[in-house]
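Undergrad: What follows is a predicted protein model with its sequence.
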Amino acid sequence: LSRARHPEPPVMRPRWAATVVCCATGGRRWLSSRRILGTDPPVIVQMKALLEGTSGVLSLAQGIVFWEPPAASIAAGVSEARQSHQYAPAEGIPELREALGRKIEAENGLTRSELMVTAGANQAYANLVLTLLDEGDRAVLFRPYYFNHLMALQMTGVEPVLAPTTRDLLPDVEALEEALGNPRDGKPAKLVTLVNPGNPTGTMIPQEMLEEVGRICERHGAWLVADNTYENFAWEHQHACLEGDHVVNIFSFSKAYGMAGWRLGYLAYPPSLAAQLAKVQDTVVIAPTSISQRVALAALERAGSPWVRDRIADLAEPKRLVHDALADALGPDAVRGGTGAIYLLATLPEAAADDVRVAETLITEYGVATIPGSACGAPGTIRVCYANLPVAEIREASRRLSVGLKAIVSEADLRARARPQ
């Protein structure tokens, strides 16, 4: 297990990333907080900065889908924008919460949870960190982790405990048992986070393993937070949820319904947390915009899961194209994930293991963008999304990816052979 505010090797910090923010006037300096200075920079913002000034780059980087929300949802949003100019209820408009209650019971098997609508799944996670953890507490993330989860812990003074995953990128339950039940210095972690299916791993956690993690957390008095943002993207196993007094579930509209820009997610949580979560919600966001909530309500009631399933079915070909491109360039054993979510994680050969340089070169010389695995605690890998472009553009992006990786690896091999032994 690794315990560090800055996991080694460090997350992607290329030359354009600001590391210190200060103002200097009249000999005085005003510095940002140590917490925020100790927080890793957001990799998506960095990648977008690298893309500025370029043209024709095809992005397999950011985790978004290429489709738009249902037409009825957009119409509902336009209508709401014409008439709604006040704060919405802090926990979400009643109609949406009622529809979500029906959804989580029918599709997720959750019958005892309260609901809170948030401005995206990231805000939902931040709400939980502020509600459940104190500065100096420990929280478990499984490496490779979702970078914004690590950042939320860092900027609140929580100590991340980075637990390993298996070769199949599933949680190492023995390591979790150690972190909670037998920590080396006697201080157990207070919270465990799972992303199911995984970002960046693209791996669905089987129900039996999810239940085992839940039992371990319950036995040791730890909260279990399950981020189900990609719940609909199941390729081999059905997605499952847990419910309990120690379990909180996060959901999102961003991926399945193509609503990333509308910023809407929700929490399903034990009723005992209602009053404390309300403090954070009122302070951070007051309430998610009612316009986005009406868009989401129409998506649930007038499109629903059948609409989502039809669009996800269209990802089978893009997934195959990206997988084949990676396997062709790096070998089939180098490509992992693909049982859930919208990602594949590819391991780079030792000679070309600088994933930040590889990601930069793919953009600047081959016109295709990926995410360096260092941003997720997985140096020597790249995360590739196969859902963010229509199939024709995915086909071209996959070609560029294969050509670029082959050239990068070949050049790296030549340099390695040229070094004195």
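TA: Structure's in. What do you need?

Undergrad: All the helices of the stretch 301-421 of the chain, in order from the start?
TA: Assignment of helices within the stretch 301-421 of the chain using DSSP state H, counting those that start in this stretch yields the ranges 304-313, 316-330, 355-366, 391-418.

Undergrad: swap that for the chain, sorry
TA: In chain order, the chain shows helices spanning 34-37, 43-51, 71-83, 94-108, 121-132, 147-154, 173-181, 207-219, 274-284, 290-302, 304-313, 316-330, 355-366, 391-418, with DSSP state H as the criterion.

Undergrad: Dump those helices to CSV, plus mean neighbour count.
TA: Backbone N, C-alpha and C define where each C-beta goes, glycine included. Formatted as CSV, these follow (neighbours: other CB atoms under 10 Å):
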stretch, mean neighbour count
helix 34-37, 12
helix 43-51, 17
helix 71-83, 15
helix 94-108, 16
helix 121-132, 23
helix 147-154, 22
helix 173-181, 18
helix 207-219, 17
helix 274-284, 15
helix 290-302, 22
helix 304-313, 15
helix 316-330, 20
helix 355-366, 20
helix 391-418, 17
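
Undergrad: Would you single out the least confident of these?
TA: Across the helices of the chain, helix 43-51 has the smallest mean pLDDT, namely a mean of 82.

Undergrad: Would you pull up how far that helix lies from the middle of the chain?
TA: Its chain's average C-alpha position is 16 Å from that of helix 43-51, according to CA atoms, centre = their mean, to the nearest Å.

Undergrad: Out of the helices of the chain, which is closest to residue 227?
TA: Minimum separation from residue 227 across these (CB to CB) falls at helix 121-132, 6.4 Å.

Undergrad: Give me the angle between the closest one and helix 147-154.
TA: With axes from the mean of the first three to the mean of the last three CA atoms, to 10 degrees defining the directions, helix 121-132 sits at 30 degrees from helix 147-154.

Undergrad: For the helices of the chain, give me JSON lines that also has distance to residue 383.
TA: Formatted as JSON lines, these follow (distance: least, CB to CB, whole Å):
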{"stretch": "helix 34-37", "distance to residue 383": "25"}
{"stretch": "helix 43-51", "distance to residue 383": "10"}
{"stretch": "helix 71-83", "distance to residue 383": "29"}
{"stretch": "helix 94-108", "distance to residue 383": "26"}
{"stretch": "helix 121-132", "distance to residue 383": "17"}
{"stretch": "helix 147-154", "distance to residue 383": "10"}
{"stretch": "helix 173-181", "distance to residue 383": "22"}
{"stretch": "helix 207-219", "distance to residue 383": "22"}
{"stretch": "helix 274-284", "distance to residue 383": "28"}
{"stretch": "helix 290-302", "distance to residue 383": "27"}
{"stretch": "helix 304-313", "distance to residue 383": "19"}
{"stretch": "helix 316-330", "distance to residue 383": "11"}
{"stretch": "helix 355-366", "distance to residue 383": "9"}
{"stretch": "helix 391-418", "distance to residue 383": "12"}
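
Undergrad: Could you point out which of those sits nearest residue 193?
TA: Evaluated with CB to CB, the helices of the chain place helix 147-154 nearest to residue 193, the distance being 5.7 Å.

Undergrad: Output the contacting helices and strands for the closest one.
TA: Contact here means 3 or more CB pairs under 8 Å, 6 or more residues apart in numbering; DSSP states H and E; on that basis helix 147-154 packs against helix 121-132, strand 138-142, strand 159-163.

Undergrad: So which of the helices of the stretch 301-421 of the chain is nearest residue 59?
TA: Comparison of the helices of the stretch 301-421 of the chain against residue 59 by CB to CB identifies helix 391-418 as nearest, at 7.8 Å.

Undergrad: quick check: angle from the closest one to helix 355-366?
TA: Using the same axes, to 10 degrees: helix 391-418 against helix 355-366 is 120 degrees.

Undergrad: now helix 391-418, how far from the chain's geometric center?
TA: Here helix 391-418 is found 26 Å from its chain centre; the criterion is CA atoms, centre = their mean.

Undergrad: ok, now which ones touch the nearest residue in space to residue 285 that is not next to it in sequence?
TA: Setting aside the residues directly before and after it, residue 285 is nearest to residue 119 in space (CB to CB, 6 or more residues apart in numbering), at 5.1 Å. Taking CB atoms under 8 Å, 6 or more residues apart in numbering as the contact definition, residue 119 lies against 263-265, 285, 288-289, 292.

Undergrad: Can you report how many residues neighbour residue 380?
TA: Applying the criterion other CB atoms under 10 Å, we find 18 residues in the vicinity of residue 380.

Undergrad: Can you tell me how far it is from residue 357?
TA: Residue 380 sits 11 Å away from residue 357 when distances are taken as CB to CB, to the nearest Å.

Undergrad: ok so, going back, okay, the helices of the stretch 301-421 of the chain in JSON lines with distance to residue 257 next?
TA: Shown next, in JSON lines, are these (distance: least, CB to CB, whole Å):
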{"stretch": "helix 304-313", "distance to residue 257": "7"}
{"stretch": "helix 316-330", "distance to residue 257": "18"}
{"stretch": "helix 355-366", "distance to residue 257": "29"}
{"stretch": "helix 391-418", "distance to residue 257": "20"}
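
Undergrad: who wins for proximity to residue 189 among the ones you listed?
TA: Short answer: helix 355-366, nearest of the helices of the stretch 301-421 of the chain by CB to CB, at 27.6 Å.

Undergrad: Not counting its own residues, what contacts that closest one?
TA: By CB under 8 Å, 6+ apart, the list of residues contacting helix 355-366 from outside reads 12, 14, 47, 50-51, 54, 57, 348, 352, 368-374, 379-382, 400-401, 403-405, 407-408.

Undergrad: tilt between that helix and helix 43-51?
TA: Going by the same axes, to 10 degrees, helix 355-366 makes 30 degrees with helix 43-51.

Undergrad: For helix 355-366, C-alpha coordinates in PDB please.
TA: Backbone C-alpha positions of helix 355-366 (Å, rounded to 0.1, in the frame of the first residue of the first chain) are rendered in PDB as follows:
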ATOM      1  CA  ASP A 355       3.500   8.100 -20.800                       C
ATOM      2  CA  VAL A 356       3.400  11.900 -20.500                       C
ATOM      3  CA  ARG A 357       5.900  12.200 -23.400                       C
ATOM      4  CA  VAL A 358       4.000   9.600 -25.400                       C
ATOM      5  CA  ALA A 359       0.700  11.500 -24.900                       C
ATOM      6  CA  GLU A 360       2.400  14.700 -26.000                       C
ATOM      7  CA  THR A 361       3.900  13.100 -29.100                       C
ATOM      8  CA  LEU A 362       0.700  11.500 -30.100                       C
ATOM      9  CA  ILE A 363      -1.000  14.900 -30.100                       C
ATOM     10  CA  THR A 364       1.800  17.000 -31.700                       C
ATOM     11  CA  GLU A 365       3.000  14.500 -34.300                       C
ATOM     12  CA  TYR A 366       0.200  12.100 -35.000                       C
END
